[in-house]
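Novice: Would you be able to build a 3D model of this:
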Amino acid sequence: MTFFETRATAIITIVTVVISGLLLVTGALPYWVVNAGFIPLRLTELGMAGGHDFAIPAWATPLTAALLHGGWAHLALNLVMLVYCGQFVERAIGTAQIVVLYIVGAYFAAAGQWVLDPRSIAPMVGASGAISAVVGAMRCSMVSDARARSDRCRRGSYTCSGWPRRGSVSS
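Specialist: Okay, the predicted model is just below:
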């Protein structure tokens, strides 16, 4: 399996690297953290005092926040996890499904941030929430695979390592 065989994971990774990288290199990150990061108070107050016109509507900021990272280490660590886990999950559930999973993870992360402090003005940035959904799906897949191997082992059609026994017929 190569990186580009998992299209959604590759595209999400490349887009995130390009956007975050450009903002980090150009020094434009602070502006975009405020305008595209998820700020809980924007949902609580449906806007913020001071009449600031944000570049991104509040409902879209969980997605745009996933494209912004606070520094190179933040970007690198998030994307290492996405590439490692995303490839396996995308192969298991499909391209469209991993995109949906990633988006749902981004919105659940934002919802969690909002629940913890709905009046916070601190912007949330990074893809950790979206990637956590992918990591969780990989974990569920591993548990499911382990249970299936265990069941085959008990039925006697496979050894405990998951390899078929000679002369056995799997069900």
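Novice: Burial check on residue 87, number of neighbours?
Specialist: Residues lying near residue 87 (other Cβ atoms under 10 Å) number 22. C-beta: built from backbone N, CA, C; applies to glycine.
Novice: got the contact list for the nearest residue to it once chain neighbours are set aside?
Specialist: Among residues not flanking residue 87 along the chain, residue 6 sits closest, at 4.5 Å (Cβ to Cβ, 6 or more residues apart in numbering). Residue 6 makes contact with 86-87, 90-91, 95, according to Cβ atoms under 8 Å, 6 or more residues apart in numbering.
Novice: What is the nearest of those residues to residue 45?
Specialist: The closest of the contacts of residue 6 to residue 45 turns out to be residue 86 (Cβ to Cβ; 35.0 Å).
Novice: Isn't the closest one up against residue 134?
Specialist: Yes: the criterion here is Cβ atoms under 8 Å, and residue 86 meets it with residue 134 at 5.3 Å.
Novice: shared neighbours, these two?
Specialist: Common neighbours of residue 86 and residue 134 (Cβ under 8 Å, 6+ apart) are residue 98.
Novice: so where's this structure uncertain?
Specialist: By pLDDT under 70, the weakly predicted segments of the chain are 1-4, 46-51, 143-171.
Novice: quick one: the helices in it?
Specialist: 7-26, 29-36, 40-44, 61-65, 72-93, 95-116, 128-155 (DSSP state H).
Novice: Tell me which of those helices lies nearest to residue 52.
Specialist: Of the helices of the chain, nearest to residue 52 by Cβ to Cβ is helix 29-36, at 8.1 Å.
Novice: how distant is the closest one from the center of its chain?
Specialist: Centroid separation between helix 29-36 and its chain, computed with Cα atoms, centre = their mean, to the nearest Å, is 20 Å.
Novice: Which positions in it come out as buried?
Specialist: Applying a neighbour-count criterion of 16 or more other Cβ atoms under 10 Å, one finds 29, 32-33, 35-36 buried in helix 29-36.
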